[in-house]
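Next input, structure requested:
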Amino acid sequence: MADQLRHLLLMSARSNVTIQVIPFTAGAISNMSGPFTILEFDDEIDKHTTELIQAALDKLED
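Residues are numbered from 1 along each chain as shown. Prediction:
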């Protein structure tokens, strides 16, 4: 775990990386089995559009 924390510290110095921590008290989230991406947009966007974008990103990673 120490190596993972060191890696996060190194990555956090990059201008294009934001690390956010979900507190344990938030409870279980739907994607606890692997990495996930939080998408943010300047304009309001339809929830279904966001899900389609995430599905496309997941497909690219496969």
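
Just give the number of residues close to Ile53.
14 (other CB atoms under 10 Å). C-beta: built from backbone N, CA, C; applies to glycine.

quick one: what helix or strand has it in it?
Element membership for Ile53 (DSSP states H and E) is helix 47-61.

so for that helix, what's the average pLDDT?
Throughout helix 47-61, pLDDT has a mean value of 69.

What is the neighbour count of Gln54?
If we define neighbours as other CB under 10 Å, then Gln54 has 15 of them.

just checking, it touches Leu60?
No. Gln54 is beyond contact range of Leu60, at 10.8 Å (criterion: CB atoms under 8 Å).

Quick one: mean pLDDT for whichever strand or helix holds His7?
Using DSSP H and E, His7 maps to helix 2-12. The average pLDDT for helix 2-12 rounds to 90.

Residues touching it, excluding its own?
Val17, Ile19 (CB atoms under 8 Å, 6 or more residues apart in numbering).

could I get it in CSV with only the CA atoms?
Output of helix 2-12 as CSV, limited to C-alpha atoms (Å, rounded to 0.1, in the frame of the first residue of the first chain):
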residue,chain,number,x,y,z
ALA,A,2,2.9,2.4,0.7
ASP,A,3,3.9,2.0,-3.0
GLN,A,4,0.4,2.9,-4.1
LEU,A,5,0.4,6.0,-2.0
ARG,A,6,3.8,7.0,-3.3
HIS,A,7,2.5,6.6,-6.9
LEU,A,8,-0.6,8.7,-6.1
LEU,A,9,1.6,11.4,-4.6
LEU,A,10,3.7,11.4,-7.8
MET,A,11,0.7,11.5,-10.1
SER,A,12,-0.9,14.3,-8.1
